[in-house]
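Engineer: Got a predicted model here, sequence first, then my questions.
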Amino acid sequence: MKVSALTLVRNRREHLVNLMLSLEAQTQQPDELVIAWMQPEVETDLPKTHFPVRHIMVEGDALPLAKARNAAVNAAVFDALIFLDVDCIASPTLVARYREALIQRPALYIGEVHYLPADAVRHGVDGTLDLARLSNLGERHPARPAIEDDEIRHEPDHGNLWGLSFALMRQDHHRAGGMDEGYRGYGGEETDYAWRLAAANVPLYWVGGALAWHQHHPMYAPPWPHFEAIIANARRFYARWEQWCMEYWLNQFHEAGAIRWSPAAEDIEIVRHPTQEEIAAARLPASARYG
């Protein structure tokens, strides 16, 4: 089975370089990498790889994440798809473990992601990644289970899909209707996608040995920089499913007095928008690994 790895990029050149280096260091490399660029131009001087790298351009001022993922799927040559967030560094067995799982049974698979502190990534004199350092520094998110390297574990709740690292077959992506491109900007599109896959009877499994490390980047709590997108996307999700997603963030906005909302509400009332001072104050320190 041949595999297409897919990633999306906007202004993350250094992270992309590390992702590509980690794919080059796989025990079984992907058969291609498709990069969907959500920026005006392709970055130059990227690492050389033994697998083809293809570039597609995706327009959209707001982060067109759903549109870019669909475009990457459509551009992929092969039917087995591994989605990797550009912030990820793949452990050496990630591609092999996803491929083995898809051969065993077509389904939706997610691997573990461990979070790195700032300034964690080091390169050897030959330019390769110091994977032992990443292994020592990576930290599992407290809301995520520990999976043995040879384990495949059924996950009954599709809401546990996080879009950092997952794999599935192209036909299942299309059977679920792909990602809803009506979601624009940050938030909601992955949960909607997961629920679409659940409705299409595509089961979800955890895969051990498909570990990725998440490279540090600035984070905000509450996520004020994405306030308008989160509100719009939460409303879109509710209109389809009659349930809310991103409740944790919505509650943060509510407690800050920016919106009137509760889990029992049928809409979100915007009271005010965040100030520049609030946005600056919400930026987490470099020691924070996740929001």
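Structural biologist: Thanks, I have the structure now. Every value quoted in this text rests on a predicted model; they were computed, and no experiment measured them. Residues are numbered from 1 along each chain as shown.
Engineer: so where do the helices sit in the stretch 151-291 of the chain?
Structural biologist: 170-175, 189-199, 227-241, 247-255, 276-282 (DSSP state H, counting those that start in this stretch).
Engineer: likewise the stretch 1-150 of the chain?
Structural biologist: 13-24, 65-75, 94-104, 131-137.
Engineer: and the third one, what does it pack onto?
Structural biologist: Applying 3 or more Cβ pairs under 8 Å, 6 or more residues apart in numbering; DSSP states H and E, one finds that helix 94-104 makes contact with strand 3-9, strand 80-84, strand 108-115, strand 165-169, strand 204-214. Quick note: C-beta positions are derived from backbone N, CA and C, even for glycine.
Engineer: List the pairing partners of the longest one within its sheet, with orientation.
Structural biologist: Here strand 204-214 has these sheet partners by DSSP bridges: strand 88-90 (antiparallel), strand 108-115 (parallel), strand 152-154 (antiparallel).
Engineer: Ala199: how many residues sit nearby?
Structural biologist: Neighbourhood size, Ala199 [other Cβ atoms under 10 Å]: 13.
Engineer: Now it. Nearest residue, chain neighbours left out?
Structural biologist: Excluding the flanking residues, the one nearest Ala199 by Cβ to Cβ, 6 or more residues apart in numbering is Ala176, at 7.2 Å.
Engineer: Equivalent analysis for Arg240, please.
Structural biologist: Nearest to Arg240 is Asp192, by Cβ to Cβ, 6+ apart, at 6.9 Å.
Engineer: what residues are up against the one you found?
Structural biologist: Neighbouring residues of Asp192 by Cβ atoms under 8 Å, 6 or more residues apart in numbering: Met179, Asp180, Tyr183, Arg236, Phe237, Arg240, Trp241, Cys245.
Engineer: Then Val113?
Structural biologist: Contact partners of Val113, counting by Cβ under 8 Å, 6+ apart, are Cys88, His141, Arg144, Trp162, Leu164, Ser165, Leu211, Ala212, Trp213, His214.
Engineer: Check these for the minimum pLDDT and say which it is.
Structural biologist: Across the contacts of Val113, the bottom pLDDT score, 88, is held by Trp162.
Engineer: Go ahead and confirm that residue touches Ile110.
Structural biologist: Yes. Counting by Cβ atoms under 8 Å, Trp162 touches Ile110, with 7.0 Å between them.
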